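# Just a sequence and a predicted model for now, questions to come.
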Amino acid sequence: MSRIGNKHIIVPQGVNVSFNDGVITVTGPKGTLSQTIDKVILPKIEANVITFVKHNNEQETDAKQGLYRALVANMIKGVSEGFEKSLVINGVGYKAQVSGRKLQLGLGYSHPIEVEIPADLNVVCPSVTEIKVSGIDKQRVGQFASNIRDFRPVEPYHAYGVRYSDEVVVRKVGKAAGKGKK
């Protein structure tokens, strides 16, 4: 039994949800998102409440019920409020800046890194050591932020690199030089 899938979703004011031909579409003040729904799951839209009904009691169907409920809940939150991920850059000479639709990163390599910003995302650099990625699709925001982080993940000795603003870096102690030698 899917605990998440059995919860209903309350649709906020200003958000419109429709289901046609296996595709659920959510429209709100920030934009429109669509998601294909498997035929073993049927979303019921009544007034401002959405529930997900499954056609059988198989374990795979339970998982799909919870999956689609979570995806649609994220779509509703995205078109009404949006999502944002913040990244922090730490390191000598490490910096970031946005120019046009490109994010330019200087992360200690011999060359600067240029990343094309997708059309559905907004990227802002409040300072040279901060990056804010925002958009209506939670998966796209998270994936783009993860791609940026992957260019220079945080190393545990000096904490240099790119990390999420809420990420905790477990620091390691370096070698104790000359200790124990006689």
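Sure thing, it's come through. These figures come from a predicted structure and were not determined experimentally. Residues are numbered from 1 along each chain as shown.
# Roughly how far does the residue nearest the centre of the chain sit from residue 99?
Centrality entry for the chain: nearest residue to the mean C-alpha point is residue 142, 2.3 Å, by CA atoms, centre = their mean. Distance of residue 142 to residue 99, given as CB to CB, to the nearest Å: 24 Å. Every residue, glycine included, has its C-beta placed from N, CA and C.
# what's the answer for residue 33, then?
28 Å.
# Please apply the same query to residue 136.
To residue 99, residue 136 is 24 Å away according to CB to CB.
# Those two: who's more crowded?
Shown here are residue 136 and residue 99; by other CB atoms under 10 Å, residue 136 has more neighbours (25 against 9).
# residues near the residue lying closest to the more buried one once chain neighbours are set aside, how many?
Of all residues not flanking residue 136 in the chain, residue 78 sits nearest, at 4.0 Å (CB to CB, 6 or more residues apart in numbering). Residues within reach of residue 78, counting by other CB under 10 Å, total 22.
# Residue 78 and residue 140 touch, don't they?
No - using CB atoms under 8 Å, residue 78 is not in contact with residue 140; the gap is 9.4 Å.
# Do a quick rundown of the strands in this structure.
Counting by DSSP state E, one finds strands in the chain at the ranges 9-10, 16-20, 23-28, 31-36, 41-46, 49-54, 83-90, 95-99, 102-106, 113-116, 121-124, 130-135, 161-164.
# So which of those strands is nearest residue 152?
strand 161-164 (4.5 Å; CB to CB).
# Give me the residues contacting the helix ranked longest in the chain.
In the chain, with assignment by DSSP state H, the single longest helix is helix 59-80. For helix 59-80, the surrounding residues in contact (CB atoms under 8 Å, 6 or more residues apart in numbering) are 1-7, 9, 11-12, 14-15, 17, 24, 26-33, 35, 37-38, 40-41, 43, 50, 52, 54-55, 83, 135-139.
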